[in-house]
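> Mind looking at a prediction? Sequence and model below.
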Amino acid sequence: MSDVLAITEHRQGELRDVSSELVTVGSELAAQQGGALHLGIIGGDVDAFADELSLEGVETIHTVDHGDEFNHDVYTQATAQLFGAVEPSTLLLPNSVNGLDYAPAVASTLDIPLVTDAIGISRDGGLEVTREMYGSKVETTVAVDADVAAVSVRPAEWEPTTDAGDPSIESFDADIDEDAVKSTVTGFEAVAGGDVDISEADFLISIGRGIEEEDNLPLIKDLVEATDATLSSSRPIVDNGWLPKNRQVGQSGKVVTPDVYLAIGISGAVQHVAGMKGSDTIVAINTDPNAPIMDLADYAIVDDLFDVVPALTDALE
Amino acid sequence: MKILVTVKEVAEAEDDFDIAGLDIDERYLEFDLNEWDEYAIEEAVQIKEDGDDVEVVSVTIGPERAEETIRMGLAKGVDRAIRVWDDAFEDAGMLDPKTKADLLSAVVEAEEPDLVLTGVQAGDDSFGATGVTLAESIDFEWGAVVNALDLDADAGVASVHRELEGGIEELTDIELPAVLTIQTGINEPRYASLRGIRQAQSKPLDLHELDDIGLDDEALESPLSRTAMYEPESEGDATVFEGSAEETATELASLLRDVGVVEG
């Protein structure tokens, strides 16, 4: 009852990065709990995935050979059964889009508490989880008053484990009730590419909520024209239909690594940061000196974009 | 057909704020309808407009203050609204997803909707778990992070796109009844018309206390409690350009030239 069970994630034949990050957080937590780390792999090429996840800190890998792709009904059943077999005190799940689709169901089925989107976990006596609130403006700690709990872990928050280990690999024979599988994944679709690939650009000028209105876009387009940069944006601009989806930087859009990323009126929500933190030089123009984007920026101007942007266009023309 | 939309009034913090105890001081908070829920309401109202005999009901767990926000939903086409609240909530701690799902389950049992729409997450605490927890509790099927929805009520199937990471969407058929958590961008939420705002004043907005939905104070006992809130230490070491807009713009222009992304 002191072990950790972490459920890994894959898609279209490849393990997702969060899987080896779960090994890092899971082995740290297992050490604190005085227990071992178990990994669950559900569906896909489980043997190949198990080889790839034979990493330091993992004691046992349980493979559930059922289906090719994620299905939340199958994952919920298989995870609950693995949980029953391993009897961990902490169940770790990815706070990915698919994690959002089954972690709450697993916790509800098992009748254990769930804390989502953890950026820190410790068990010193009771389980304590660090998570953000109010769009990353504050951090909170949440205490869990239960012997057994589930925690979903924010992707890209922990470093992946890369050192090889020697876990035992066991096939787990999950008893999946097919009548309870009431959703069917029929395919995947890539979001339309369009004429521009922002991930190829050397210089991205990226706009966010701070632009306020669609009528203000020409201000930015003048700057883009003067600099020969490529225009991209954070999510709200695309949600509003002001720019097409292929311009979106972030978790659900494109991951970009330009020489310069100029973030204008972008606060830097975690989903956006996931898509641009690998840029060589990050410049932020924002009125809020405490905006999360400022933690990432190499250069910053704390001022009104409606004053700075026209001045910058003038200076470059 | 009946659609239940769960909506939440969320708090947004101003740029400058103070923390008082375990939360941001209320003076620095602005309350508004959760952004994701705006899209869920719009989706439900569009289904109503496209179909025959569709009723849209909203349900909110929230204090009296939330009624203004709830009325906005009514003004945009929601037919009637339910607010769950009780004096006992004032002393309750952090409501975890299971606690909220239990409260909402009681409403689902009374209303018997065919479809429940929720936002993917609430903008303030970003838990992102209430919808799917509710689905499991009431034995509905579900789909999380839906950014396209095609409903075939006769066949009892919702064909959805789920927005995965990296510009990939998953196409999934989901049997009804179901709970779908709605992602921003799925539609274009309308503005309330003046006529809608007037009509909203006479639409039913019923308060359900714990007793009314067959629950008592025990339903509010949560295993989770917030023990601290603090501002994260800035990890930033940005070089901040100081001065007027012209001065800072000139400095930035020379930086861009030095890096070599602009000519000159």
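Okay, I see it. Numbering: from 1, shown residues only, chains lettered A, B, ... in the order given.

> excluding its backbone neighbours, what's nearest residue A:203?
Nearest-residue entry for residue A:203: residue B:261, 3.8 Å, with adjacent residues in sequence omitted and distances by Cβ to Cβ, 6 or more residues apart in numbering or on different chains. Where C-beta positions appear, they are placed from N, C-alpha and C, glycine not excepted.

> which outside residues touch the helix or strand encompassing residue A:152?
For residue A:152, the host element (DSSP states H and E) is strand A:149-153. Residues outside strand A:149-153 that contact it (Cβ atoms under 8 Å, 6 or more residues apart in numbering or on different chains): A:18, A:21-22, A:25, A:89-95, A:99-100, A:103, A:106-107, A:110, A:112-118, A:121, A:127, A:129, B:223.

> Also stretch A:182-192?
Stretch A:182-192 has contacts (Cβ under 8 Å, 6+ apart) with A:12, A:69-73, A:244-246, A:253, B:141-143, B:159, B:161, B:164, B:167-175.

> Count the residues that sit near residue B:218.
Residue B:218 has 9 neighbours, counted by other Cβ atoms under 10 Å in any protein chain shown.

> What are the buried residues along the helix or strand of chain B with the lowest mean pLDDT?
The weakest-scoring helix or strand in chain B, judged by mean pLDDT, DSSP states H and E, is helix B:87-91 (a mean of 90). Buried residues in helix B:87-91, counted by 16 or more other Cβ atoms under 10 Å in any protein chain shown: B:88-89.

> Can you give the distance of it from its chain's centre?
Taking the mean of its C-alpha atoms, helix B:87-91 sits 22 Å from the chain's own mean (Cα atoms, centre = their mean, to the nearest Å).

> Next: stretch B:92-102.
Taking mean C-alpha positions (Cα atoms, centre = their mean), stretch B:92-102 and its chain are 15 Å apart.

> Is any residue of that stretch near chain A?
Yes: residues of stretch B:92-102 contacting chain A under Cβ under 8 Å from any Cβ of the partner chain: B:94, B:96-98, B:101.

> How about residues contacting that stretch?
Applying Cβ under 8 Å, 6+ apart, the contact partners of stretch B:92-102 are A:104, A:107-108, A:111, A:113-114, A:116, A:142, B:61, B:127, B:129-130, B:133-134, B:136-137, B:215, B:219-226.

> export the residues of stretch B:92-102 next to chain A to JSON lines and tack on neighbour count and secondary structure?
Below are these laid out as JSON lines (neighbours: other Cβ atoms under 10 Å in any protein chain shown; DSSP: H, G, I helix; E, B strand; the rest coil):
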{"residue": "B:94", "neighbour count": "17", "secondary structure": "coil"}
{"residue": "B:96", "neighbour count": "24", "secondary structure": "coil"}
{"residue": "B:97", "neighbour count": "26", "secondary structure": "helix"}
{"residue": "B:98", "neighbour count": "25", "secondary structure": "helix"}
{"residue": "B:101", "neighbour count": "26", "secondary structure": "helix"}
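
> hang on, residue A:146 is in a strand, isn't it?
No: secondary structure of residue A:146 (DSSP: H, G, I helix; E, B strand; the rest coil): coil, not part of a strand.

> and stretch A:144-164, which residues are buried?
Neighbour counts using 16+ other Cβ under 10 Å place A:144, A:148-155, A:157-158, A:161 of stretch A:144-164 among the buried residues.

> same question, stretch B:31-39
Under the neighbour-count criterion of 16+ other Cβ under 10 Å, stretch B:31-39 has B:31, B:33-39 buried.

> cool, and stretch B:220-236?
Buried residues in stretch B:220-236, defined by neighbour count with 16+ other Cβ under 10 Å: B:220, B:222-224, B:226, B:229, B:236.

> Tell me who's in contact with the residue nearest to residue A:203.
Contact partners of residue B:261, counting by Cβ under 8 Å, 6+ apart, are A:202-203, A:227, A:229, A:259-260.

> Okay, and it sits in which element?
Counting by DSSP H and E, there is no helix or strand that carries residue B:261.

> how about it, phi and psi?
Phi and psi for residue B:261, reported as degrees, to the nearest 10, are phi -90, psi -10.

> now residue A:124
In terms of degrees, to the nearest 10, the main-chain angles of residue A:124 are phi -120, psi 90.

> The residue lying closest to it once chain neighbours are set aside - how many residues pack around it?
Residue nearest to residue A:124 in three dimensions, not counting chain neighbours: residue A:32, with 7.1 Å by Cβ to Cβ, 6+ apart. Using other Cβ under 10 Å, the number of residues around residue A:32 comes to 16.

> Find me the pLDDT at residue A:32, would you?
In this model, residue A:32 is scored at 95, pLDDT.

> isn't it right next to residue A:126, touching?
No: the criterion here is Cβ atoms under 8 Å, and residue A:32 misses it with residue A:126 at 11.7 Å.

> just to revisit the earlier point, which ones among the contacts of strand A:149-153 map onto strands?
Among the contacts of strand A:149-153, the members found in strands (DSSP state E) are A:90-94, A:114-118, A:121, A:127, A:129.

> Looking at the contacts of stretch A:182-192, which are in helices?
When the contacts of stretch A:182-192 are checked against helices (DSSP state H), the matches are A:72-73.

> The contacts of stretch A:182-192 in strands, which ones?
Using DSSP E, the subset of the contacts of stretch A:182-192 located in strands is B:141-143, B:159, B:161, B:168-175.

> which of those residues has the most neighbours?
Neighbour counts for the ones in strands among the contacts of stretch A:182-192 (other Cβ under 10 Å) peak at residue B:142, which has 30 neighbours.

> Please report the distance of that one from chain A.
For residue B:142, the distance to chain A (Cβ to the nearest Cβ, to the nearest Å) stands at 7 Å.

> ok now do the residue nearest to that residue when sequence neighbours are not counted, which residues does it touch?
Nearest residue to residue B:142, sequence neighbours excluded (Cβ to Cβ, 6+ apart): residue B:135, at 3.5 Å. When contacts are counted by Cβ under 8 Å, 6+ apart, residue B:135 touches A:105, B:116, B:141-142, B:178-179.
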